[in-house]
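Undergrad: give me coordinates for this.
(chains A and B)
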Amino acid sequence: DTEVTQTPKHLVMGMTNKKSLKCEQHMGHRAMYWYKQKAKKPPELMFVYSYEKLSINESVPSRFSPECPNSSLLNLHLHALQPEDSALYLCASSQDWEDTQYFGPGTRLTVL
Amino acid sequence: AQSVTQLDSQVPVFEEAPVELRCNYSSSVSVYLFWYVQYPNQGLQLLLKYLSGSTLVKGINGFEAEFNKSQTSFHLRKPSVHISDTAEYFCAVKGTSYGKLTFGQGTILTVHP
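TA: Below is the predicted model:
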């Protein structure tokens, strides 16, 4: 089973809202990732968690705040986003951060 | 540092025809190579991967790819495509000792009846 789940599937928010994206995996993977994918572009890495600790932050603005409450869960807290932050947000996981990454279906975010 | 170049942004093909999607990479270290497929409004699904061993790798849905170290290529092939293969395909590279996955710009494969 290589399933990564993400909720919600779609999210529309205003620039003053606070919302969260959720990602879950039950494969026992110890590395989890957030990617951002703009239309007609490849995914771009945002954050990497390894063994529940943030190991990579690709210079992401502070209005994006990741959280890894346990080894199966990864959240992305959103606050004061801009319209240009509208994108597909993908979560991925891997056994270890050197291993093959498996992606979830994504959350389509629209910021008004 | 590593990079990936997908040589074709769009590939139109007729159903049951063969197809090749081209991928070249650049890296100063040993790499792992991947092909992912993305159907409209969906996440990325792993098609196949090269980690080591045989340079011909078979994946899901009848796809295969060949790792060519001298030409730094990892082209994806399918002998006979179906309408359902219409999607965007991403080639990706990762250093064997470094976790960051670097994607190419993607190739949109459109299969016509």
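
Undergrad: so where do the strands sit in chain B?
TA: Ranges of strands in chain B, per DSSP state E, are B:2-6, B:10-14, B:19-21, B:23-27, B:31-38, B:44-50, B:56-58, B:64-68, B:73-78, B:87-95, B:101-103, B:107-112.

Undergrad: actually chain A, not the one I wrote
TA: With strands called from DSSP E, chain A shows them at A:4-7, A:10-13, A:18-25, A:31-37, A:44-50, A:53-57, A:64-70, A:73-79, A:87-94, A:102-103, A:107-111.

Undergrad: weakest of those in terms of mean pLDDT?
TA: Between these, the one with the least mean pLDDT is strand A:53-57; it has a mean of 89.

Undergrad: and that strand, how far out from the chain's middle?
TA: When distances are taken as Cα atoms, centre = their mean, to the nearest Å, strand A:53-57 is centred 13 Å away from the chain's centroid.

Undergrad: for chain A, which residues are neighbours of chain B?
TA: For chain A, the residues found near chain B under the criterion Cβ under 8 Å from any Cβ of the partner chain are A:2, A:4, A:6, A:31, A:40-43, A:45, A:48, A:50, A:56, A:90, A:92, A:94, A:97-98, A:100-106, A:108. The C-beta positions use only the backbone N, C-alpha and C, and glycine is treated the same way.

Undergrad: from the residues you listed, keep the buried residues only.
TA: Applying a neighbour-count criterion of 16 or more other Cβ atoms under 10 Å in any protein chain shown, the buried members of those are A:4, A:6, A:31, A:42-43, A:45, A:48, A:50, A:90, A:92, A:94, A:97, A:100-106, A:108.

Undergrad: reformat the strands of chain B as JSON lines; add distance to A:Pro66, mean neighbour count and mean pLDDT.
TA: Below are those laid out as JSON lines (distance: least, Cβ to Cβ, whole Å; neighbours: other Cβ atoms under 10 Å in any protein chain shown; pLDDT from 0 to 100):
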{"stretch": "strand B:2-6", "distance to A:Pro66": "24", "mean neighbour count": "17", "mean pLDDT": "92"}
{"stretch": "strand B:10-14", "distance to A:Pro66": "34", "mean neighbour count": "13", "mean pLDDT": "97"}
{"stretch": "strand B:19-21", "distance to A:Pro66": "33", "mean neighbour count": "19", "mean pLDDT": "98"}
{"stretch": "strand B:23-27", "distance to A:Pro66": "28", "mean neighbour count": "19", "mean pLDDT": "92"}
{"stretch": "strand B:31-38", "distance to A:Pro66": "22", "mean neighbour count": "23", "mean pLDDT": "94"}
{"stretch": "strand B:44-50", "distance to A:Pro66": "19", "mean neighbour count": "20", "mean pLDDT": "95"}
{"stretch": "strand B:56-58", "distance to A:Pro66": "33", "mean neighbour count": "14", "mean pLDDT": "96"}
{"stretch": "strand B:64-68", "distance to A:Pro66": "33", "mean neighbour count": "18", "mean pLDDT": "95"}
{"stretch": "strand B:73-78", "distance to A:Pro66": "31", "mean neighbour count": "21", "mean pLDDT": "97"}
{"stretch": "strand B:87-95", "distance to A:Pro66": "21", "mean neighbour count": "23", "mean pLDDT": "94"}
{"stretch": "strand B:101-103", "distance to A:Pro66": "17", "mean neighbour count": "23", "mean pLDDT": "92"}
{"stretch": "strand B:107-112", "distance to A:Pro66": "30", "mean neighbour count": "17", "mean pLDDT": "97"}
